[in-house]
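Undergrad: Sequence and predicted structure are below.
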Amino acid sequence: MRDAFAPKFFFRNPHLQTLLGRSKYRLNGVEELHRSSTASILPCGEGVRLLGFHARRPEGASRGLVALIHGWEGSADSTYILAAGAYLFRRGFDIFRLNLRDHGESHHLNAGLFHGALIGETFQALRNIAHLPTYGRLYLIGFSLGGNFALRIALKHGRKEEIPSLRHVFAVSPALDPYKATMAIDAGWGVYRRYFLNKWKRSLKKKQALFPDLYDFRPMMKTRSCLELTEAIMVYYREYRDYHDYFRQYTLDGASFAGLSVPTTIIVSRDDPVIPLEDFHALPAREKLHVAIQPYGGHCGFIDMPGFSSWCDRKIYDIIDQS
């Protein structure tokens, strides 16, 4: 990218950038997106259902469809999802905001429990989304863990199954190695550990209340780190030997990107407090893969101040517009 993200000096702090990306002040102008959005439950095979929200351009003339996937313990209504969706909606695109399993208000849809390796159902959800009216153009944007999902969807596309009309995949601050990301959350600024741990525990309590015969998470409520809770919850993920085996299922390294068949752009910052940067330096050059490492931006931040506008949203739009 020719122009790097260069916020004013006082807004370069990575923690501030991370918080600004989730600020409610970014939600100015999302009303039209909300009014145009209709809930949709997507069948994703083996009885799995995922919840999303489809916003169609009111005049019926769309430049394409953009699908958005949120991060861990986020939702289709996360600030960064709504802000990006509204920005692209105003520029002529239909928007589909997808909830991963057990995110948002979707815990009741499936008895099975969410985990990061559930790529099959998410890939099928994108295939279903691709059959919505898109005028032959589908774009996928994932943030954080959703960026990991987006990259795995890009890699799966073209190998066994294709997603019709998929033109470009974007991953913003994606977690390539979930074990390292979990360790960074636990070892870093305590606010992040408490934030993710508390949201995860609330989600598990909701799941237990809906399926009391299947789950009893009460012993896990005393865990004090994300890794400790991951290790404890392995009793419900019996297909994996341990949490190391589980994390390996959705870890992406340089070899993972061999055979990538769809243009894919990764946007990440050097100062991301959650995602280790060395994983991106280790990625080899690939024809379809572009990695844009920015000097600033925090985790899913990239916010220009004053004004709360998103440099990242603008760059993604520019790439789509020029393709």
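TA: Yep, it's here. These numbers were taken from a predicted model, which means no experiment stands behind them. Residues are numbered from 1 along each chain as shown.
Undergrad: what's the following helix or strand after the least confident helix or strand in the chain by mean pLDDT?
TA: Least confident element among the helices and strands of the chain, by mean pLDDT, DSSP states H and E: helix 278-281 (a mean of 92). Next along the chain after helix 278-281, taking DSSP states H and E as the criterion, comes strand 289-294.
Undergrad: List the buried residues for that next one?
TA: L289, A292, I293, Q294 (16 or more other Cβ atoms under 10 Å). Glycine gets a C-beta too; all of them are placed from N, C-alpha and C.
Undergrad: give me the low-pLDDT residue ranges for the stretch 151-300 of the chain?
TA: Flagging of the stretch 151-300 of the chain using pLDDT under 70 yields the residue ranges 160.
Undergrad: go again using 80 as the cut-off
TA: Residue ranges of the stretch 151-300 of the chain with pLDDT under 80: 158-160, 188-189.
Undergrad: where do the strands sit along it?
TA: 166-172, 264-269, 289-294 (DSSP state E, counting those that start in this stretch).
Undergrad: possible to save the ones you listed as CSV with distance to G116?
TA: Output for the strands of the stretch 151-300 of the chain, formatted as CSV (distance: least, Cβ to Cβ, whole Å):
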stretch, distance to G116
strand 166-172, 14
strand 264-269, 18
strand 289-294, 21
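Undergrad: hmm, back to that, can you tell me which of the buried residues of strand 289-294 is closest to E228?
TA: Of all the buried residues of strand 289-294, the one with the least separation from E228 (Cβ to Cβ) is I293, at 31.4 Å.
Undergrad: Who does the closest one form a beta bridge with?
TA: Per DSSP bridges, the residues bridged to I293 are V268.
Undergrad: how near is it to D271?
TA: I293 sits 10 Å away from D271, going by Cβ to Cβ, to the nearest Å.
Undergrad: before we move on, the earlier item: farthest pair within the buried residues of strand 289-294?
TA: The widest separation within the buried residues of strand 289-294 (Cβ to Cβ) is 16.5 Å, between L289 and Q294.
Undergrad: follow-up on the earlier one: name the nearest of the buried residues of strand 289-294 relative to I141.
TA: Nearest member of these to I141, counting by Cβ to Cβ, is A292, at 13.7 Å.
Undergrad: and A61, what element?
TA: Going by DSSP H and E, A61 is not part of any helix or strand.
Undergrad: rewinding a little: what would the buried residues of strand 289-294 look like in TSV with distance to R159?
TA: Conversion of the buried residues of strand 289-294 to TSV gives the following (distance: Cβ to Cβ, whole Å):
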residue	distance to R159
L289	15
A292	25
I293	27
Q294	30
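Undergrad: Check the secondary structure at D318 for me.
TA: Of the three states, D318 takes helix under DSSP: H, G, I helix; E, B strand; the rest coil.
Undergrad: on that earlier part again, which neighbouring elements make contact with the least confident helix or strand of the chain?
TA: On a contact count with 3 or more Cβ pairs under 8 Å, 6 or more residues apart in numbering; DSSP states H and E, helix 278-281 meets no helix or strand.
Undergrad: so how far is that helix off the chain centroid?
TA: Chain-centre distance of helix 278-281: 19 Å, with Cα atoms, centre = their mean, to the nearest Å.
Undergrad: swap in stretch 155-163?
TA: Counting by Cα atoms, centre = their mean, stretch 155-163 is centred 19 Å from the centre of its parent chain.
Undergrad: Can you tell me what sits against it?
TA: Stretch 155-163 has contacts (Cβ atoms under 8 Å, 6 or more residues apart in numbering) with 119, 123, 126-127, 130, 138, 153, 166, 252, 256-257, 259-262.
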